[in-house]
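Student: just to be clear, the model below is a prediction. Sequence and coordinates:
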Amino acid sequence: MIIRRATVLALAVMMTLVGGNDVAAQGQGRAGGGGRGGPPMTPVVYRQQIMQQLQQSTGALTAIRNGTVGTASHLVPRALIVQQLAMMVPDAFAANPTGETSRSLPAIWENAADFASKAQALRTAADALLEAARGGNAEAVGTAQTAVGQTCQGCHMAYRGPAAGA
């Protein structure tokens, strides 16, 4: 089986983002925030990390397209990370843990079908982003990235509460 270079690079970046050096401990709830002394790994922390990593990778895509960092060869690995994280979103919200504070509104679980539809829209947009990145056209990547951002905004408007103190 041949593993594409972009896939290997994307996996390496994801492991770095989630603290891959301490994956076993995270799975057992011993490691915090990526194994770097953060909060204990809980369902809420886990899904917050997924969202933060989505934001980081889309921000990196913008910087790559603008020529600020990396090279065009980094577009596919970053888009792959976005696509893989988008696939994780529905499962990350499978249950509403009690006793943990987050900005997730109860409406996520009350309107599960609508939330699932919005999560699917994110996956579809992320798939299109990856295809645009594979095509190598920075303008197409920008258009696809905008579509990803619109799916994020649509879900956050319906299912994300205000920040603390806002």
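Tutor: In hand now; what should we look at?
Student: dihedrals phi and psi, residue 160?
Tutor: Residue 160 has phi and psi values of phi -120, psi 130 when expressed as degrees, to the nearest 10.
Student: grab the nearest non-local neighbour of it.
Tutor: Leaving aside its sequence neighbours, residue 160 sits nearest to residue 103 (C-beta to C-beta, 6 or more residues apart in numbering; 5.1 Å). The C-beta positions use only the backbone N, C-alpha and C, and glycine is treated the same way.
Student: what sits against the one you found?
Tutor: With contact set as C-beta atoms under 8 Å, 6 or more residues apart in numbering, residue 103 has these partners: 160-163.
Student: now swap in residue 62 and tell me
Tutor: Taking C-beta under 8 Å, 6+ apart, one finds residue 145 in contact with residue 62.
Student: in the helix or strand in which it is found, which residues are buried?
Tutor: Element membership for residue 62, per DSSP states H and E: helix 43-65. Using 16 or more other C-beta atoms under 10 Å as the test for burial, helix 43-65 gives 44-45, 47-51, 53-54, 56-58, 60-62, 64-65.
Student: centroid-nearest residue for the chain?
Tutor: Geometric centre of the chain, nearest residue: residue 54, 3.0 Å, by C-alpha atoms, centre = their mean.
Student: my read is that that residue contacts residue 149, right?
Tutor: No: between residue 54 and residue 149 there is no contact under C-beta atoms under 8 Å: 10.0 Å.
Student: against which helices or strands is the host helix or strand of residue 115 packed?
Tutor: Counting by DSSP H and E, the element that carries residue 115 is helix 112-135. With contacts taken as 3 or more C-beta pairs under 8 Å, 6 or more residues apart in numbering; DSSP states H and E, helix 112-135 sits against helix 75-92, helix 107-110, helix 138-159.
Student: who touches the last one?
Tutor: Here helix 138-159 makes contact (C-beta under 8 Å, 6+ apart) with 54, 58, 61-62, 65, 72, 75, 79, 82, 86, 104-105, 107-108, 111, 114-115, 118-119, 121-122, 125-126, 128-129, 131-133.
Student: filter the residues you listed down to the buried ones, PyMOL style.
Tutor: This is the PyMOL syntax for the buried subset of those, where burial follows 16+ other C-beta under 10 Å:
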select buried, resi 54+58+61+62+65+75+79+82+86+104+105+108+115+118+119+121+122+125+126+128+129+132+133
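Student: shaky segments in the protein?
Tutor: Residues of the chain that meet the criterion pLDDT under 70 lie in 1-37, 166.
Student: for stretch 73-91, what is the distance to the chain centroid?
Tutor: Taking C-alpha atoms, centre = their mean, to the nearest Å, the mean C-alpha location of stretch 73-91 is offset from the chain mean by 7 Å.
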